[in-house]
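Participant: Fold the following.
(chains A, B and C)
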Amino acid sequence: MIERRPALTVLSHLVLALGVLVVMFPVYVTFIASTQTSQQIITQVPMSLAPGSNMLETYRVALFGGETTYGSKVPPVASMLWVSFVTAMTIAIGKIAISLLSAFAFVYFRFPGRSLCFWMIFVTLMLPVEVRISPTYAVVSNLGMLNTYAGLTVPLIASATATFLFRQFFLTVPDELVEAARIDGAGPMRFFKDVLVPLSMTSVAALFVIQFIYGWNQYLWPLLVTTDESMAPVVMGIKRMISGGDAQNEWNVVMATAILAMLPPAAVVLLMQRWFVKGLVDAEK
Amino acid sequence: MAIEKRVRFRSWWLPWVLIAPQMAVILVFFFWPAGQAIYQSVLQQDAFGTSVEFVGLENFTRLYNDETYLASFKTTALFSVLVAASGLSIALLLAVMADRVVRGATVYKTLLIWPYAVAPAVAGVLWLFMFAPSVGIVSYALRAMGIEWNHLLNGNHAMTLIVMAAVWKQISYNFLFFLAGLQSIPKSLIEAAAIDGASPWHRFWTIVFPLLSPTTFFLLVINIVYAFFDTFAIVDAATQGGPGKDTAILVYKVYYDGFKALDLGGSASQSVVLMVIVIALTVVQFRYVEKKVQY
Amino acid sequence: MAAVELRSVKKNFGKVAVIHGVSTVIDKGEFVVIVGPSGCGKSTLLRMVAGLEEISEGEVVIGGRVVNGLEPKDRDIAMVFQNYALYPHMRVYDNMAYGLRIRGLSKDDIDRRVREAAKILELDALLDRKPRQLSGGQRQRVAMGRAIVRHPQVFLFDEPLSNLDAKLRVQMRLELQKLHRRLGVTSLYVTHDQVEAMTLGQRIIVMNAGRAEQIGTPAEVYHRPATTFVASFIGSPPMNLLRGRVSADGTQFRTDSGSINLRQARAARAGRELLLGLRPEALDIGGTQFAAEIEMIESLGADHLIHARLGMQSLVARTADEIKLALGASLALGFSADAEHWFDPQTTQRLEI
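Facilitator: Prediction:
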């Protein structure tokens, strides 16, 4: 604070409060909607802004499927949540493991073709899956990986953000630590396991948050690769629920599903906020 | 930052084993399909693959002359400009305010960054719900104000809807980076300007904003890439490219043409065009960052 | 059998020779210091002995075995680094135990050795702490502990005291001496500080630009420096080196601005262009051999340093007596014949003349 300008401070708080309001409003509406019955939503326009009384029922129907107050059948969301969870964890853990090993190789070894491989990995940074959907789909299909967890996750472990982040971190580890380990008798993998990985834990934590969210929020790819309803992640499933034109939707159930879909990643972000912020900002440098 | 490390482990086989998983995945799921896309983009084949004809750049020229493709290009350009401009300015405003307040800063921060966690698809659904012509709360409010909101019929409304959904999600990301950028500006510079007599408004535009330009540039590229690609889910959830093709951004068109209309060659060539755009953007950003890091 | 032997050890980086061939024999239990200015190659030499740097030519022999191709862990050495190189995420205990665990010693053996070293270095109370909770001096002791528990044939020290403040450095120097007396392990110690070299070393290797200019005891290096480099590197303030020509009759040393009377005339010196070396403490104030103009007086409390000028050449004299002379005054100086060091100006080598 440079000068004392109370007016400006008040203004700042106002703007921030407004910002928070705008950001939270959609979520609040969603939550309210999930506590009502779908009949209430359709007949009571505008929807009241106070919580309804139907919360438990709505969520039960959302999670486990069944009939709603409007009389239509709804598929269970619980299995979709599970698919999302497994996908997100697999992508996060898989990416981190593979990248730790790769970054280790690039930083601490010299081998022919090192530059070439490095640039190849760098190139993958530039092209998200949305750009190569048709041929990647063809490959996955040919490998018989449609409607499998493998098909959902492996093609998405291809990109290089994690490798770069770890590489950057490894370059800051003092050389002397490696030399001391060599003198102590540690071979490369021992050094990796006992020294390098423990020191990288903050980066691993940050990356875990980013990759978990990335994996959880995947939409286009699962859309292509799964036709079986049991393999649909929740983020994809929710869209299917509204494809009936806006009056016929079980809005309360849809909104409950939305809340359920938002909870795990939001929890992950909030719990690991410190590392996540640090990791995001460092990752792009 | 050292590019090379002085110390190395000696082993001729271990490094290969270590990078094998990553190389395998990117070869099979990245380079091979990317190559396929390039290959397919110069072919014309029917959906069943029974007839294949090499047509050179014909697919590309067809795209160039295709009105719907050009329209999609325009739509995407408009969309990304809107998303980037509003996303960046709102986030910048919030970041500047957040940088100023001392009390409650953490609370504001927490509340403003968590939308990063929301899936684009879910964001699309949420905003669709709020703006649904029949049951939406906001559409009701708009009608009360005399605006007949109907994004199912009105192309502009549809565009506004997806822009809002996209920006809502992206604000957190931009906010985080702007805040970090603001906090890395040495306080001494601002204090010196204050002593020189500059007002906060003046200080912002002549000192803070220029020093923030690397962050701004970086976020600009990220936001454009985001608008091009990560928003597929929002479009699919909220408008499905409609009404008509009014919100069919390029990536949506690639999907539609490839999987709904089954025009593989066309879809492949569109993919290639997208690839070129992204590569160009990334190279530009990389170069710019390199230059900045030089000093 | 010698503990360590260097046989014409050379190091090249590409085409550039960085170390030109150093040879010496180090006996069991000896404490040898390699000293020299930055960039002289002393660390490189040490690292070649450690196995962290490839040996381009020549051989390094440890305990009778040629170790040229061996990994550091197989050479039976332990090293103390300038920046301590402690594993930041491990406790002090684990830092010291790490090497032993890898070697597969039993838990009891490890525990015994670690506690033994901790006792010697007074680290008992710190075993559960992490490095970031320790002071610089404590970290250095942990680094030494890590080396001690290995019971190696040779200790290698790479400028271990450089990162400590002056007072701590003096303290640690004494600790190192006590440690060496107690453990008696062969030690190779690298430093740029000639005081450390003189106080710690039983023998000193003085290095300059990749060459060992002299290898000898501190007394030898101090009293009979082999080259002008050694002469000016060892001793503080550095030895005065005066250019001039000895007169034909050998009684005078003629500089560009005046003559210095020599106490003894030697035929071997007569008429030659030479460098005359005189240590600041060897100059007697009030002597009758020559005079210089006082430029500056630095008082260190117990001693005084007088910076003076002899024509174009400057020199320093050191005395414990109070100086009542003013700046610009003429300072009368003398010296004994024993205090003279003669060097060849072209080869910089010492001449016994």
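Participant: State the pLDDT value of the nearest residue to A:Phe85 once chain neighbours are set aside.
Facilitator: Counting by C-beta to C-beta, 6 or more residues apart in numbering or on different chains, A:Phe85 lies nearest to A:Pro264, which is 6.8 Å off, once chain neighbours are set aside. Every C-beta, even on glycine, is put in place using the N, C-alpha and C of the backbone. With respect to pLDDT, A:Pro264 scores 89.
Participant: show me what contacts A:Pro264?
Facilitator: Residues near A:Pro264 by C-beta atoms under 8 Å, 6 or more residues apart in numbering or on different chains: A:Leu81, A:Ser84, A:Phe85, A:Ala88, A:Trp216.
Participant: switch to 10 Å and redo it
Facilitator: A:Leu81, A:Ser84, A:Phe85, A:Ala88, A:Phe212, A:Ile213, A:Trp216, A:Val234, B:Ala117 (C-beta atoms under 10 Å, 6 or more residues apart in numbering or on different chains).
Participant: if I read this right, the second one contacts A:Met236, doesn't it?
Facilitator: Yes: in this structure, A:Ser84 sits in contact with A:Met236. The criterion is C-beta atoms under 10 Å, and the distance is 8.8 Å.
Participant: So for the two, which residue has more residues nearby?
Facilitator: A:Ser84 (28 against 25; other C-beta atoms under 10 Å in any protein chain shown).
Participant: Now tell me what touches the one helix or strand C:Ala308 maps to from outside.
Facilitator: Using DSSP states H and E, C:Ala308 sits in strand C:304-310. Contacts with strand C:304-310, where a contact means C-beta under 10 Å, 6+ apart, come from C:236-237, C:240, C:242, C:244, C:255-258, C:260, C:280, C:283, C:285, C:290-299, C:314-323, C:325, C:327-331, C:333.
Participant: out of the residues you listed, which are buried?
Facilitator: Buried by 16 or more other C-beta atoms under 10 Å in any protein chain shown: C:237, C:240, C:242, C:244, C:255, C:260, C:280, C:283, C:285, C:290, C:292, C:294, C:297, C:315-319, C:331, C:333, out of these.
Participant: Among those residues, which ones are in strands?
Facilitator: Of those, the ones assigned to strands by DSSP state E are C:240, C:242, C:244, C:260, C:285, C:290, C:292, C:294, C:297, C:315-319, C:331, C:333.
Participant: measure whatever residue of the stretch 1-150 of chain B ends up closest to chain C to C:Ile102 for me?
Facilitator: Ranked by C-beta to the nearest C-beta, the top residue of the stretch 1-150 of chain B for proximity to chain C is B:Val7, at 7.6 Å. Using C-beta to C-beta, to the nearest Å, B:Val7 is found at 18 Å from C:Ile102.
Participant: C:His180 now?
Facilitator: C:His180 is 27 Å from C:Ile102, where distance means C-beta to C-beta.
Participant: Compare the two (neighbour count), which wins?
Facilitator: C:His180 (19 against 16).
Participant: Looks to me like that one is in a strand.
Facilitator: No: counting by DSSP: H, G, I helix; E, B strand; the rest coil, C:His180 is not part of a strand but helix.
Participant: Model confidence score at it, please.
Facilitator: Residue-level confidence at C:His180 comes out at 93, pLDDT.
Participant: contacting residues around it?
Facilitator: C:His180 sits next to C:Gly29, C:Glu30, C:Phe31, C:Phe155, C:Thr186, C:Ser187, C:Tyr189, C:Leu200, C:Gln202 when contact means C-beta under 10 Å, 6+ apart.
Participant: and the gap between it and chain B?
Facilitator: According to C-beta to the nearest C-beta, to the nearest Å, C:His180 stands 29 Å off from chain B.
Participant: ok, now A:Phe191?
Facilitator: Plainly put, A:Phe191 is 8 Å away from chain B if you go by C-beta to the nearest C-beta.
Participant: mind listing what the strand holding C:Ala308 pairs with, with the direction of each?
Facilitator: strand C:284-299 (antiparallel), strand C:313-319 (antiparallel) (DSSP bridges).
Participant: In three-state terms, how would the spatially most central residue of chain A be classified?
Facilitator: With distances taken as C-alpha atoms, centre = their mean, A:Ile213 lies nearest the centre of chain A, 1.2 Å away. Assigned with three-state DSSP, A:Ile213 falls in the helix class.
Participant: Quick one: residues contacting it.
Facilitator: The contact partners of A:Ile213, taken as C-beta under 10 Å, 6+ apart, are A:Ala88, A:Ala92, A:Pro264, A:Pro265, A:Ala266, A:Val268, A:Val269, A:Phe276, B:Tyr116, B:Ala117, B:Val118, B:Ala119.
Participant: hmm, try it at 8 Å
Facilitator: Contact analysis of A:Ile213 by C-beta under 8 Å, 6+ apart lists A:Ala88, A:Pro265, A:Val268, A:Val269, B:Tyr116, B:Ala117.
Participant: Could you list which of those residues also contact chain C?
Facilitator: When contact is defined as C-beta under 8 Å from any C-beta of the partner chain, those do not meet chain C at all.
Participant: May I ask which two of the residues you listed are separated the most?
Facilitator: A:Ala88 and B:Tyr116 (14.5 Å; C-beta to C-beta).
Participant: Against B:Gln285, how distant is the residue nearest to A:Phe85?
Facilitator: Per C-beta to C-beta, A:Pro264 is found 32 Å from B:Gln285.
Participant: cool, C:Ile204 as well?
Facilitator: Look at C:Ile204 and B:Gln285: by C-beta to C-beta, they are 56 Å apart.
Participant: neighbour count winner among these two?
Facilitator: Counting neighbours by other C-beta under 10 Å for C:Ile204 and for B:Gln285 shows that C:Ile204 has the greater number, 27 against 19.
Participant: For that one, list each beta-bridge partner.
Facilitator: Those that pair with C:Ile204 in a beta bridge, by DSSP bridges, are C:Val33, C:Gly216.
Participant: wait, isn't it in contact with C:Pro225?
Facilitator: No: taking C-beta atoms under 8 Å as the definition, C:Ile204 is not a contact partner of C:Pro225, at 10.9 Å.
Participant: Can you pull the residues that touch both of the two?
Facilitator: The contact sets of C:Ile204 and C:Pro225 overlap at C:Gln214, C:Ile234 (C-beta under 8 Å, 6+ apart).
Participant: picking up where we left off before, from the contacts of A:Pro264, keep the buried residues only.
Facilitator: A:Leu81, A:Ser84, A:Phe85, A:Ala88, A:Phe212, A:Ile213, A:Trp216, A:Val234, B:Ala117.
Participant: Let's see which of those end up in helices.
Facilitator: A:Leu81, A:Ser84, A:Phe85, A:Ala88, A:Phe212, A:Ile213, A:Trp216, A:Val234 (DSSP state H).
Participant: and of these, the nearest to C:Ala118?
Facilitator: Closest approach to C:Ala118 among those (C-beta to C-beta): A:Phe212, at 43.1 Å.
Participant: Please report how far the residue of the stretch 1-150 of chain B closest to chain C lies from C:Phe81.
Facilitator: 12 Å.
Participant: And C:Leu200, by the same measure?
Facilitator: In terms of C-beta to C-beta, C:Leu200 sits 17 Å off from C:Phe81.
Participant: And B:Val251, by the same measure?
Facilitator: Counting by C-beta to C-beta - B:Val251 and C:Phe81 are separated by 53 Å.
Participant: same thing with B:Phe79?
Facilitator: Separation of B:Phe79 from C:Phe81 (C-beta to C-beta) stands at 57 Å.
Participant: These two: who's more crowded?
Facilitator: For B:Phe79 and C:Phe81, the more surrounded residue by other C-beta under 10 Å is C:Phe81, and the numbers stand at 24 against 21.
Participant: what would the strands paired with strand C:304-310 look like in JSON lines with mean pLDDT?
Facilitator: What follows is the strands paired with strand C:304-310, written out as JSON lines (pLDDT from 0 to 100):
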{"stretch": "strand C:284-299", "mean pLDDT": "91"}
{"stretch": "strand C:313-319", "mean pLDDT": "93"}
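Participant: Dump the ones you listed to a markdown table, plus distance to B:Met97.
Facilitator: Shown next, in a markdown table, are the strands paired with strand C:304-310 (distance: least, C-beta to C-beta, whole Å):
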| stretch | distance to B:Met97 |
| --- | --- |
| strand C:284-299 | 59 |
| strand C:313-319 | 65 |
